[in-house]
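Undergrad: can't give you the sequence, but here's the structure:
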């Protein structure tokens, strides 16, 4: 159960703090896997600060890009700057999607191994639980693929980041005009 607790995180804290038999907890409470410190290897089971899987993607999509757009307009109020930065945001989203897809592809391969292994051992309940986790991962990857398709078609969830950045950029342009022209007494 503890092996897949990262799927049950709430507010960045694993619901089940147990660690599978391949991992243990050292005397100071640091998770270890085959003698390696997981907090240093990037596999920290109780790392509440870093989102994984679909949560990483949603965290990126929900980020407010309006402030960055506003600041960028104050620095360089050129429309080519706007288009370059929106393209950079799209590229960052594409990288995040690839990262999340790779995470789920690897997870599904790993879970398939566990399903086959536990099936051979006759662990029916564990296999059912693993199968449920696999179905959840497959539904997450389906949503990731929908977001990726929406990005390619310039619609859906991915458009929010572009709209947010563009709104901020235009607000920055308006602020420049307001400050330098509209406040001027004639």
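TA: In hand now; what should we look at? Source: prediction; values computed, not measured.
Undergrad: quick one: residue 111 from residue 159, how far?
TA: Going from residue 111 to residue 159 by Cβ to Cβ, to the nearest Å gives 33 Å. Every residue, glycine included, has its C-beta placed from N, CA and C.
Undergrad: Same question for residue 174.
TA: 22 Å.
Undergrad: coming back round to it: show me which of residue 111 and residue 159 is the more surrounded one.
TA: Taking other Cβ atoms under 10 Å, residue 111 and residue 159 do not tie; residue 111 has more neighbours (18 against 15).
Undergrad: so the more buried one makes contact with residue 137?
TA: Yes. The pair residue 111 / residue 137 is scored as a contact, 7.0 Å apart, by Cβ atoms under 8 Å.
Undergrad: which ones are touching the residue lying closest to residue 158 once chain neighbours are set aside?
TA: Spatially, and ignoring its direct neighbours in sequence, residue 158 is nearest to residue 151 (4.1 Å; Cβ to Cβ, 6 or more residues apart in numbering). Counting by Cβ atoms under 8 Å, 6 or more residues apart in numbering, residue 151 touches 90, 93, 94, 97, 158.
Undergrad: Return the member of these nearest to residue 122.
TA: Nearest to residue 122 among the contacts of residue 151, counting by Cβ to Cβ, is residue 97 at 38.9 Å.
Undergrad: For the helix or strand harbouring residue 68, name the packing helices and strands.
TA: For residue 68, the host element (DSSP states H and E) is helix 66-75. Applying 3 or more Cβ pairs under 8 Å, 6 or more residues apart in numbering; DSSP states H and E, we find helix 66-75 packed against helix 79-120, helix 159-177.
Undergrad: Let me know the next secondary structure element after the lowest-mean-pLDDT helix or strand in the chain.
TA: The helix or strand of the chain with the poorest confidence is helix 38-41; it has a mean of 32 (mean pLDDT, DSSP states H and E). The C-terminal neighbour of helix 38-41 among helices and strands, as given by DSSP H and E, is helix 53-62.
Undergrad: Need the three-state assignment for the closest residue to residue 176 other than its chain neighbours.
TA: Leaving out its chain neighbours, the residue that sits closest to residue 176 by Cβ to Cβ, 6+ apart is residue 77, at 5.8 Å. Here residue 77 is recorded as coil under DSSP: H, G, I helix; E, B strand; the rest coil.
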